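Peer 1: everything below, folded, please.
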Amino acid sequence: MKYGQFVMQVFLLTIVGGLSLTYSQTLNAPTSLTVEVNDTAEVDCKIQQNDDRAMYTAEDITWYNQNQAIPEEMYSTISNTTSVLVLPFVQFADAGDYSCRLGNGVVSTTQIQVGTVPRIANFSCQARNMKEVWCTWDPMPSNLPTTYVFTYKLSHSKKWGDCPDSVTKGPNSCYIEQSLGTPHNMRVVATNDLGSKVWLFNINPDTQSKPDPPEDVKVIAETSNIAAVSWKIPSEWYSPHFTLHYKLQYYSEWQPHICQRNLMQILSFLIR
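Peer 2: Coordinates of the predicted model:
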């Protein structure tokens with residue numbers, strides 16, 4: 001829970017033997033409070049004074065929500081100067097302004113926010129070749145302002161670096177060029193007023209790259225029983241020192257079972 005402080009003052013001026021004596025009372029309550037949904041919210045409203053001869057005590061404090069009086073059973077006096085409002089099992093609809101008031105109209109207001117700890121879903125990273133990698137994630141609603149910070153590092157390094165490109169792959173993403181085929185540690189930290197959570201993902205473009213499908217696939221009938229199949233390397237595969245292996249599957253009306261050919265460094269094949 002996060003608190004701020006708000007103070008209202010009321011002054012009592014008396015004349016004793018020609019001397020002016022000023023007694024003051026203040027209302028001291030949090031300006032804001034953030035509570036997790038289904039938790040219990042407790043708000044203290046304290047009277048502070050510079051003299052024991054007080055005009056008001058905590059028994060004189062009443063509570064309001066959006067200027068609507070709150071039933072007395074929802075708050076209690078725990079000392080001569082402190083009243084406590086208790087809201088059990090708060091829901092999102094309970095968010096709003098709650099005020100404690102003294103009999104003369106002095107008011108202290110607390111804004112209560114209700115939310116959940118930050119969460120993300122579908123955090124994953126992928127590589128289409130050995131020189132680039134990117135990660136994406138989906139923020140989950142928390143009903144609170146939430147920040148998401150992506151950092152990464154090479155597995156042998158101790159220093160985390162900021163995301164170099166959060167635009168190319170769209171919102172909630174990070175794109176890293178020149179990944180050098182080294183194992184990477186990826187991290188997303190989500191933070192709001194209820195705390196922070198960390199998600200990690202490890203990927204090695206050398207061993208976990210998943211190339212795009214071949215491009216410009218063509219089938220041409222050479223004769224009545226021969227077909228020529230050709231294709232091009234995926235355009236995103238610019239790793240000249242690493243060759244792709246292809247798997248060609250086909251069947252004909254005369255041979256309904258699927259035939260398969262494993263091809264290395266070949267961009268065409270004749271089916272007979």
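Peer 1: can we go C-alpha only for contacts and neighbour counts from here?
Peer 2: Fine.
Peer 1: these two touch, right, residue 219 and residue 230?
Peer 2: Yes. Counting by Cα atoms under 8 Å, residue 219 touches residue 230, with 6.7 Å between them.
Peer 1: okay, those two: which has more neighbours?
Peer 2: A count of neighbours by other Cα atoms under 10 Å puts residue 230 above the other of residue 219 and residue 230, at 17 against 14.
Peer 1: residue 154 versus the more buried one, what's the distance?
Peer 2: According to Cα to Cα, to the nearest Å, residue 230 and residue 154 sit 39 Å apart.
Peer 1: and what of residue 41?
Peer 2: Distance from residue 41 to residue 154, by Cα to Cα: 43 Å.
Peer 1: check residue 97 too.
Peer 2: From residue 97 across to residue 154, the span is 48 Å (Cα to Cα).
Peer 1: residue 172 too?
Peer 2: In terms of Cα to Cα, residue 172 sits 21 Å off from residue 154.
Peer 1: what's the answer for residue 184, then?
Peer 2: From residue 184 to residue 154 the distance is 5 Å (Cα to Cα).
Peer 1: do the same with residue 201
Peer 2: According to Cα to Cα, residue 201 stands 12 Å off from residue 154.
Peer 1: again with residue 192
Peer 2: In terms of Cα to Cα, residue 192 sits 28 Å off from residue 154.
Peer 1: also residue 127?
Peer 2: Distance from residue 127 to residue 154, by Cα to Cα: 15 Å.
Peer 1: quick revisit: neighbour count for residue 201 and residue 154, which is higher?
Peer 2: Legend: neighbour count by other Cα under 10 Å for residue 201 and residue 154, higher for residue 154 (19 against 14).
Peer 1: ok, the more buried one - contacts?
Peer 2: Contacts for residue 154 (Cα atoms under 8 Å, 6 or more residues apart in numbering) come out as 182-185.
Peer 1: now the helices for the stretch 101-250 of the chain?
Peer 2: Ranges of helices within the stretch 101-250 of the chain are 205-208, based on DSSP state H, counting those that start in this stretch.
Peer 1: would you map the strands across it?
Peer 2: For the stretch 101-250 of the chain, the strands defined by DSSP state E, counting those that start in this stretch occupy 107-115, 120-126, 132-139, 147-154, 161-162, 173-177, 184-192, 195-203, 215-223, 226-232, 245-250.
Peer 1: how far away from the center of its chain is the fifth one?
Peer 2: Pointing back at strand 161-162 there. Distance of strand 161-162 from the chain centroid (Cα atoms, centre = their mean, to the nearest Å) equals 18 Å.
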